[in-house]
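Chemist: give me a model of this one.
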Amino acid sequence: MPTVELTQTRQDALRALIALEPTPGTIHPPRSVLRLITRLVPCDLIVVALVDGDGVGQWAVTHPRVVERCWGDPPQPRLPLGLVHQGEHPEHRRSLSGSGMTDGLHCGFERDGGQVVQLSLQRRRDVFTECDVALLRTVLPALQRLLREQPGSTLPSSLTAQERRVLSLVASGLSNASAAARMGVAESTVRKHLEHVFRKLGVSNRYAAVRVFEGHRTTGSPRPDHDRPSPESE
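Modeler: This next block holds a predicted model:
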């Protein structure tokens, strides 16, 4: 067992990660979680990706570079489960050669329906040490809880990845225009996605859709009119 040196920064990150719980309604882990991971195990790039049971990528999010996308790539090889140190496996080292990275750590967790969500930490120059691997292994149960378990959201499976992304951005407080800019699409595309979301959720406005996204029931006392988001203009 390697000697693990815990700086104050690493201690704080370790405690925070272990204490975290999945956020209801989220599609992928918040960037705050990815920042905590980089404080525990410094790296140049983190990629979190979800591949469905047929090997088709559903979404990917990176940190620190702000790259979020939903895609329908051709089927990919099944992502490995558990903790894999790329630098120690010839077949994984080959995959690093064209990426500009020197080393990587993969953590793969299986979800319901054969989906696999993978957390990948990558370094451009330095290799990951035994201490890095040991620290990541320490928080594997917490990472599994955050990445594998799908928290109590009432979102139907009929929502597409893009519709979920739009709803996520709207729930974070962004307007249609801001959400469109974040996604790199036209504002009319965002409005169309929201129309589909409203229909699939059985709601008529943004506030009700956000309530469903956050795991709440749509029944009960409505928000006062002056405080209710407009379903069209925001």
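
Chemist: nearest residue to the most centrally placed residue in the chain other than its sequence neighbours?
Modeler: Closest residue to the average C-alpha location of the chain: residue 28 at 2.2 Å, with C-alpha atoms, centre = their mean. For residue 28, ignoring the flanking residues on the chain, the nearest one in space by C-beta to C-beta, 6 or more residues apart in numbering is residue 61 at 4.9 Å. The C-beta positions use only the backbone N, C-alpha and C, and glycine is treated the same way.

Chemist: what strands flank the helix or strand where that neighbour lies, and is each parallel or antiparallel?
Modeler: Using DSSP states H and E, residue 61 sits within strand 57-63. Paired strands of strand 57-63, with direction, are strand 45-51 (antiparallel), strand 67-70 (antiparallel) (DSSP bridges).

Chemist: which residue ranges make up the domains of the protein?
Modeler: 8-147, 161-227 (automatic domain parsing).

Chemist: check those domains for me: which has the lowest mean pLDDT.
Modeler: Note on the domains of the chain: domain 161-227 shows the lowest mean pLDDT, a mean of 77.

Chemist: contact partners of the biggest helix by length in the chain?
Modeler: Ranked by number of residues, the top helix in the chain under DSSP state H is helix 187-201. By C-beta atoms under 8 Å, 6 or more residues apart in numbering, the residues outside helix 187-201 that reach it are 155-156, 158-160, 162-163, 166-167, 170, 176-177, 179-180, 183, 204-206, 208-209, 212, 218, 231-232.

Chemist: which other helices and strands contact the next helix or strand after that helix?
Modeler: Proceeding N to C from helix 187-201, the next assigned helix or strand is helix 206-213, under DSSP H and E. Contacts defined by 3 or more C-beta pairs under 8 Å, 6 or more residues apart in numbering; DSSP states H and E place helix 206-213 against helix 161-171, helix 187-201.

Chemist: show me what counts as buried in the last one.
Modeler: Neighbour-count burial for helix 187-201 flags 189-190, 193-194, 197-198, 200-201 (criterion: 16 or more other C-beta atoms under 10 Å).

Chemist: I appreciate the help and will end here.
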